[in-house]
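> Coordinates only, no sequence provided:
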């Protein structure tokens, strides 16, 4: 019988992903572009952290990467039904012997592993992004912050690939809780970068100053929050697609700081969602009075007097989740979305595998084979518990 892995890693399937309980295994055919020219294994890396391969198979001309689900800079997204781990296979060809010529283009191949969620099942490999709302929820109740990339009419999620300059990113921020405490969600800040997090360079502020969508202030953009909200615990915003100059991979990560307040608390300068209205040359809030947006123009939304009056959050360095005391009544978390990939050509090469169904996915560059794997582990259900155990930050 033919070895299934040998069959999978072929000219038709140059990348094969196994999503295991605590790790993923990525096997790459060195004939990555199906041209007969073998890539150098040293030019292949996994994830934003550029992890090196773990083994080579000269007989089959394959390169294998083995990494934990939270290693190599992978990103985890929590949805109501799934945990989704996202990473990248990077191909960055070494310079040719003659530096004046180029024989191969860099490439980025997105990879996903999807795991179903069930109640009262836990795994040490899964560290979800729960955040406690300590002032009103019991110890057994949790908040779940998420960012989702949505299609044009906001009816469903869309793939992270196939964007072009001139397109629009529809991003939906949500918070879910097991209680019925009414909450209003805000996006405090969003920063785009070439890797997860806000500290890398270059980076670009999309939302700043406690909820000001500063990207929409530029003359050549239409970025804005969507009003009205569909629900108090959902906030939507649109961003005109861009890329960083000099980035051959054509990708961005977006890291946003989300937070909630009680739904009956009036928006204020520290808890707001403001867009710039070019027709009126002024800032306008999704809800609340216009004066809460006045600091968006000055960039001084956290004056000492205002901060004392509103009892701002106590910031804990190096912590993913930061919460108020009983008087503050807020909970918050950093959430990453990406990598969002831009493409010059919108062909449909490559495959996406989920539960035995195979569908095409867009390519992310000329002649790039893009394989996105979402393979559940047969016989092992990976999920998150809803008990009292506090969950740590996913490594980035």
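Now that the structure is in, tell me what you want to look at. Since the structure is predicted, the reported quantities are computational estimates derived from the model, not experimental observations.

> Show me where this protein has its helices.
Along the chain, the segments classed as helices by DSSP state H run 4-8, 295-298, 304-310.

> Domain boundaries for this structure, per the record?
4-116+344-373, 130-338 (automatic domain parsing).

> which stretch in these is the model least sure about?
Least confident of those, judged by mean pLDDT, is domain 4-116+344-373 with a mean of 75.

> quick one: contacts of stretch 263-283?
182-184, 186-187, 210-213, 216-217, 223-225, 227, 232, 235, 237, 259, 261, 284-288, 290, 292-297, 301-302, 306-307, 310, 312, 329-330 (C-beta atoms under 8 Å, 6 or more residues apart in numbering). Yep, even glycine has a C-beta here, placed from its N, CA and C like the rest.

> measure residue 48 to residue 71 for me?
For residue 48, the distance to residue 71 equals 11 Å [C-beta to C-beta, to the nearest Å].

> neighbour-wise, which of those two wins?
residue 48 (24 against 16; other C-beta atoms under 10 Å).

> do you know how far the more buried one is from residue 191?
Where residue 191 is concerned, residue 48 sits at a distance of 15 Å (C-beta to C-beta).

> And for residue 250?
Counting by C-beta to C-beta - residue 250 and residue 191 are separated by 18 Å.

> Also residue 217?
Counting by C-beta to C-beta - residue 217 and residue 191 are separated by 16 Å.

> quick one, which of those two is more surrounded?
Legend: neighbour count by other C-beta under 10 Å for residue 217 and residue 191, higher for residue 191 (20 against 15).

> Look at the nearest residue to that one once chain neighbours are set aside and say how many residues are nearby.
Nearest residue to residue 191 in three dimensions, chain neighbours excluded: residue 198, at 4.4 Å (C-beta to C-beta, 6 or more residues apart in numbering). When neighbours are counted by other C-beta under 10 Å, residue 198 registers 17.

> Same question for residue 167.
Residue 167, neighbours per other C-beta under 10 Å, totals 13.

> which residues sit in contact with the closest residue to it other than its chain neighbours?
Residue nearest to residue 167 in three dimensions, not counting chain neighbours: residue 241, with 4.5 Å by C-beta to C-beta, 6+ apart. Counting by C-beta under 8 Å, 6+ apart, residue 241 touches 163, 164, 165, 166, 167, 168, 169, 340, 342.

> now residue 66: how far from residue 83?
Following C-beta to C-beta, the distance that separates residue 66 from residue 83 is 19 Å.

> between the two, which one's more packed in?
residue 83 (22 against 17).

> Could you point out the bridge partners of the more buried one in the sheet?
residue 78, residue 115 (DSSP bridges).

> Test my guess that it contacts residue 112.
No: at 10.7 Å, residue 83 does not count as touching residue 112 under the criterion of C-beta atoms under 8 Å.

> Show me where the stretch 151-300 of the chain has its strands.
168-177, 183-193, 203-207, 224-225, 234-240, 251-262, 274-277, 282-285 (DSSP state E, counting those that start in this stretch).

> Can you report how many residues neighbour residue 211?
With neighbours defined by other C-beta under 10 Å, the count for residue 211 comes to 29.

> That one against residue 190, yeah?
No: with contact defined as C-beta under 8 Å, residue 211 does not count as touching residue 190 (10.1 Å).

> re earlier: for residue 31, find the nearest of the strands of the stretch 151-300 of the chain.
Checking the strands of the stretch 151-300 of the chain against residue 31 by C-beta to C-beta gives strand 251-262 as the closest, at 23.9 Å.

> Could you list every helix and strand in contact with the closest one?
For strand 251-262, the elements it packs on are strand 143-150, strand 168-177, strand 183-193, strand 331-341, judged by 3 or more C-beta pairs under 8 Å, 6 or more residues apart in numbering; DSSP states H and E.

> mind putting those in a markdown table, distance to residue 105 included?
Output for these, formatted as a markdown table (distance: least, C-beta to C-beta, whole Å):
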| stretch | distance to residue 105 |
| --- | --- |
| strand 143-150 | 25 |
| strand 168-177 | 25 |
| strand 183-193 | 23 |
| strand 331-341 | 14 |
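
> so of the ones you listed, which one's packed in deepest?
strand 331-341 (a mean of 24; mean count of other C-beta atoms under 10 Å).

> list the helices and strands that one packs on?
Counting by 3+ C-beta pairs under 8 Å, 6+ apart, strand 331-341 packs on strand 75-78, strand 82-91, strand 107-116, strand 130-131, strand 143-150, strand 168-177, strand 251-262, strand 321-323.

> closest one to residue 17 among those?
Judging these by C-beta to C-beta, what sits closest to residue 17 is strand 107-116, at 5.5 Å.

> what angle separates the closest one from strand 251-262?
40 degrees (axes from the mean of the first three to the mean of the last three C-alpha atoms, to 10 degrees).

> and strand 107-116, which residues are buried?
Buried positions in strand 107-116, judged by neighbour count with 16 or more other C-beta atoms under 10 Å: 107, 108, 109, 110, 111, 112, 113, 114, 115.

> Double-check the fifth one against residue 89; I have them as touching.
Yes: in this structure residue 111 lies within contact range of residue 89 using C-beta under 8 Å: 6.1 Å.

> Give me the common contacts of those two.
By C-beta under 8 Å, 6+ apart, the residues touching both residue 111 and residue 89 are 15, 26.

> what's the burial count for the closest residue to residue 75 other than its chain neighbours?
Distances taken as C-beta to C-beta, 6+ apart put residue 86 closest to residue 75, at 4.6 Å, once the chain neighbours are dropped. As a burial measure, residue 86 scores 21 neighbours (other C-beta under 10 Å).

> And residue 237, how far from residue 58?
Distance of residue 237 to residue 58, given as C-beta to C-beta: 50 Å.
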